[in-house]
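Student: What follows is a predicted protein model with its sequence.
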Amino acid sequence: MNQTVMILLALDPSPFVELGQRALHSAGYETAVVHDRLSLERALHEVSPDLLLIGERLGGESGLQLAAEQRERFPTLPILVYVEKDSLDIAKEVLRLGLNGYLYPPLRTDDIVSTIRRSLKQAQRLGDWVRQEVRRSTAALQRQLADFKAIFRNIDDGIIILDSKGRILLVNPAAERAFSIVAEEVLGKPIEEAIPHPDLQAMLLRPRSEGVPYHEINMDDGRVFNAYLTLVPNVGSAIELQDISYLKELDRIKSDFVHTISHDLRSPLTSVLGYAELIGRTGPLNEHQREFMSRLQASIRHVTTLVNDLLDLGRLEAGLDTRREVVHLEDIVEYVLDLLKPQIEARKQVVDLDVETGLPALRANPLRLRQMVDNLINNAIKYTPAGGKIGVRIRAEDGQVILEVSDTGPGVPPADQPRIFEKFYRAQNVPSNIPGSGLGLAIVKSIVDNHQGRVWVESTLGEGTTFFVVLPAQAD
């Protein structure tokens, strides 16, 4: 028998203590004896026993309760209980607590030694099984870690993992290439220090309550990334970067094409409209001819408006809108509402205008802001049913002016909301009798973007829609 095996006896003073020590010493075991909880706690850490034999009572406390506590703390330590009398209740309790067994008088030396040896062998088998499972689990984890590293390194999109304090935990090669960084040099650093890119910092500082999940990050070399920030429970957050440079280039080509076609169409359309108006002056027209000419002129005006909208959008996207002056948004809103008053009254709609006092001024193009406000309020008029309510609110917050335009129309389906600002896109539930080209909101977004602002929509089907525009106030 290995002489280093240590048996800890946690027993009240009794003849059994001497008998147990003598029996165990004769079998080649070392022993230590304690008589209370404090000594037991100390001995468990100092002598690291191979087996614990605890009495039914120890220092006035329940030995079974103490045994249960030690089983919780040391799951692989074999534990036996010494009781004064055998009973079915004791057997059930020992089994329930997961102890290795119990001893009770009358006892012989051989009974004590054989029970100890049996418990030690059980513990050894359990330890072997635990070590085997640990090795198997460790090997499986290592394989999973290797798979994760391979996947993480080969993802085409850039990935940056941050802890709860914004320090970089992981960076994959795609993100390294995107920001021209080296992972080993930035790991553990705060992201604002490691990657001081202004668009990235703006994304991280933007409140999640604003409801803008995607952000564009523009690189100096012309590349554009679509970035998405998401929370990772118990870790922190993750930033995903998708290269959309080719989509931006396709959009530019498409915009150039549309702008060219629109420019070439405007002159002939003006001529056609002019000649259509002159036809009535060449001689009298019958009723059918007048109706046909009226429809022809309306169609030409509609196409001309569409062409002008496309040209406006092209100028905005080309960055040609450089005019800036001091503007008060509340004045523009009141001016547009006054112009649209006949339409609002014709539909018996009510406008709830809420303007915060002392609003800061903006540095902006007044014509473009008027166009933006006109499109938003016109939309609200179109989609609010007759007798409905339109809400217009202007307020200031954190150096920004916020415009909210709401209607009580049919609402925008959730699937359509991410695309509502795209050119020519109209929601699937728009009634066929409501006119529109799908360019108004695209123009709104371009105007807001050119003024370093943000725009988004919040909508509930059957209840209505609210558009939010946030523009930076003029610096003092």
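Tutor: Cool, got the structure.

Student: Please list all residues in contact with the closest residue to V350 other than its chain neighbours.
Tutor: Nearest non-adjacent residue to V350, counting by Cβ to Cβ, 6 or more residues apart in numbering: K389, 5.0 Å away. No exception for glycine: its C-beta is placed from N, CA and C like everyone else's. K389 makes contact with 349-352, 408 under the criterion Cβ atoms under 8 Å, 6 or more residues apart in numbering.

Student: Please pick the buried ones from the residues you listed.
Tutor: Buried members of the contacts of K389, scored by 16 or more other Cβ atoms under 10 Å, are 349, 351, 408.

Student: Show the pLDDT at the first one.
Tutor: Translated: Q349. At Q349, the model reports a pLDDT of 92.

Student: gap between it and G409?
Tutor: 11 Å (Cβ to Cβ, to the nearest Å).

Student: now, among the buried ones among the contacts of K389, which is nearest to S62?
Tutor: Using Cβ to Cβ, T408 is the member of the buried ones among the contacts of K389 that sits closest to S62, with 70.0 Å.

Student: distance of G409 from L403?
Tutor: For G409, the distance to L403 equals 18 Å [Cβ to Cβ].

Student: let me redo that: R290
Tutor: 43 Å.

Student: Next: T109.
Tutor: Look at T109 and L403: by Cβ to Cβ, they are 93 Å apart.

Student: Now the two most distant members of the contacts of K389.
Tutor: Between any two of the contacts of K389, the greatest separation by Cβ to Cβ is 11.8 Å, found for V351 and T408.

Student: Now do the contacts for the most centrally placed residue in the chain.
Tutor: Among the residues of the chain, the one closest to the centroid is T230, at 2.9 Å (Cα atoms, centre = their mean). Contact analysis of T230 by Cβ under 8 Å, 6+ apart lists 237-238, 240.

Student: Out of these, flag the one nearest to R118.
Tutor: Nearest to R118 among those is A238, at 53.1 Å by Cβ to Cβ.

Student: That closest one bridge partners, please.
Tutor: Taking DSSP bridges as the rule, A238 bridges to I161, T230.

Student: Tell me the confidence at it?
Tutor: As summarised for this prediction, A238 has a pLDDT of 91.

Student: before we move on, the earlier item: need the residues touching each of Q349 and G409.
Tutor: With contacts taken as Cβ under 8 Å, 6+ apart, Q349 and G409 have 384, 388 as neighbours in common.

Student: so where's the stretch 251-400 of the chain uncertain?
Tutor: Applying pLDDT under 70 to the stretch 251-400 of the chain flags residues 254-266, 302, 305-322.

Student: Would you map the helices across the stretch 101-250 of the chain?
Tutor: For the stretch 101-250 of the chain, applying DSSP state H, counting those that start in this stretch gives helices covering 109-154, 173-179, 183-186, 191-194, 198-205, 245-279.

Student: Between the two ends of stretch 200-217, what distance do you get?
Tutor: One end of stretch 200-217 sits 6 Å from the other (Cα to Cα, to the nearest Å).

Student: which residues does V94 contact?
Tutor: Applying Cβ under 8 Å, 6+ apart, we find V94 in contact with 64, 81, 101-102.

Student: Quick check: pLDDT value at it.
Tutor: For V94, the predicted pLDDT is 85.

Student: what does the one 3 residues further on give?
Tutor: Looking at L97, its pLDDT reads 86.

Student: Report the separation between it and P360.
Tutor: Separation of L97 from P360 (Cβ to Cβ) stands at 71 Å.

Student: Next: D157.
Tutor: Taking Cβ to Cβ as the measure, D157 falls 39 Å from P360.

Student: for V171, same thing?
Tutor: Relative to P360, and taking Cβ to Cβ, V171 is found at 40 Å.

Student: which of those two has more neighbours?
Tutor: Comparing V171 with P360 by other Cβ atoms under 10 Å, the one with more neighbours is V171, at 26 against 15.

Student: can you count the residues close to the residue nearest to that one when sequence neighbours are not counted?
Tutor: Using Cβ to Cβ, 6+ apart and skipping residues adjacent in sequence, the residue nearest V171 is A183, 4.4 Å away. Neighbourhood size, A183 [other Cβ under 10 Å]: 15.
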